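Student: give me the fold of what follows.
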Amino acid sequence: MSLTHWSHWITPLIIAAILALLALTVSRTPLHDVYNRQLGQRGQTRRERLFLASLGFFVAVAVVRALTFAIHNDIGPFHNVTLHGRHIHHLVWGILLLLLVGYLWLLEIGTGSDQSSRWVGRLTSMLFGVGAALTLDEFALWLNLEDVYWQRQGRESVEAMGLFGGLLGIGIFGGPFFREVAVQITRPFHHEVRR
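Tutor: The predicted model follows:
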């Protein structure tokens, strides 16, 4: 079956539809003001980019896990993506997305800098999260160099996703806390310099 078959595009279409629905809901409701106050006050912030990457990550994890469960249990019209009889794992698409986003960021497209478009920054942030989810969901595959997704070793993927999701959360919510900790720790040194 060729890659142009509709069923091969179901995962990205579902992820894109959910993220677009969330974006439309926020932009067309009073949540828009809340979003701007909390995340987008002065142009694009690191916190906004981390939030959007987290959103893309967790939506992709939920969709991919649900679809792989459906494929594994032969539920619905879903099946593995194959090309010339070879199973193309979703980590391949994740790696390609991460490479694309990384390249765009090297070109300073979507980085949140003054020259970069804000919507492109939001899009690349979400794509980074989606790419990370697709890649880490099959962490056990690239760690063990064999398909252990539904075996005991497949738990390593869940642990890797949990660790990365936790890091994204710390980045979003822990930033102000860690900055304040740094100020408190370095405060005695600031007084000595002034004397």
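
Student: make it CA atoms for all contacts and neighbour counts henceforth
Tutor: Fine.

Student: identify the residues contacting the nearest residue to Leu50 once chain neighbours are set aside.
Tutor: Leaving aside its sequence neighbours, Leu50 sits nearest to Ile172 (C-alpha to C-alpha, 6 or more residues apart in numbering; 5.9 Å). Taking C-alpha atoms under 8 Å, 6 or more residues apart in numbering as the contact definition, Ile172 lies against Arg47, Glu48, Leu50, Phe51.

Student: from Leu167, how far out is the third one?
Tutor: Translated: Leu50. 10 Å (C-alpha to C-alpha, to the nearest Å).

Student: who has more neighbours, the two?
Tutor: Leu50 (24 against 14; other C-alpha atoms under 10 Å).

Student: tell me the secondary structure at the more buried one.
Tutor: Put simply, Leu50 is helix when judged by DSSP: H, G, I helix; E, B strand; the rest coil.

Student: quick one: pLDDT of it?
Tutor: pLDDT, Leu50: 87.

Student: surely it meets Gly171?
Tutor: Yes - with contact defined as C-alpha atoms under 8 Å, Leu50 reaches Gly171; the gap is 6.6 Å.

Student: so which residue is dead centre in this protein?
Tutor: Gly129 (1.1 Å; C-alpha atoms, centre = their mean).

Student: do you know the pLDDT at that one?
Tutor: pLDDT, Gly129: 94.

Student: with Ser27 instead?
Tutor: 84.

Student: counting neighbours, what do you get for it?
Tutor: What Ser27 shows, counting by other C-alpha under 10 Å, is a neighbour count of 14.

Student: do the one 3 residues further on as well
Tutor: A total of 10 residues lie near Pro30 under the criterion other C-alpha under 10 Å.

Student: nearest to Val92, out of the contacts of Ile172: which one, please.
Tutor: Leu50 (23.0 Å; C-alpha to C-alpha).

Student: show me the contacts for the closest one.
Tutor: By C-alpha under 8 Å, 6+ apart, the neighbours of Leu50 are Ser125, Leu168, Gly171, Ile172.

Student: if you rank these by neighbours, which is first?
Tutor: Ser125 (28 neighbours).

Student: remind me which residues of this structure are low pLDDT?
Tutor: Across the chain, the ranges flagged by pLDDT under 70 are 1-8, 40-44, 114-116, 175-177, 191-195.

Student: 50 instead, please
Tutor: For the chain, no stretch has pLDDT under 50.
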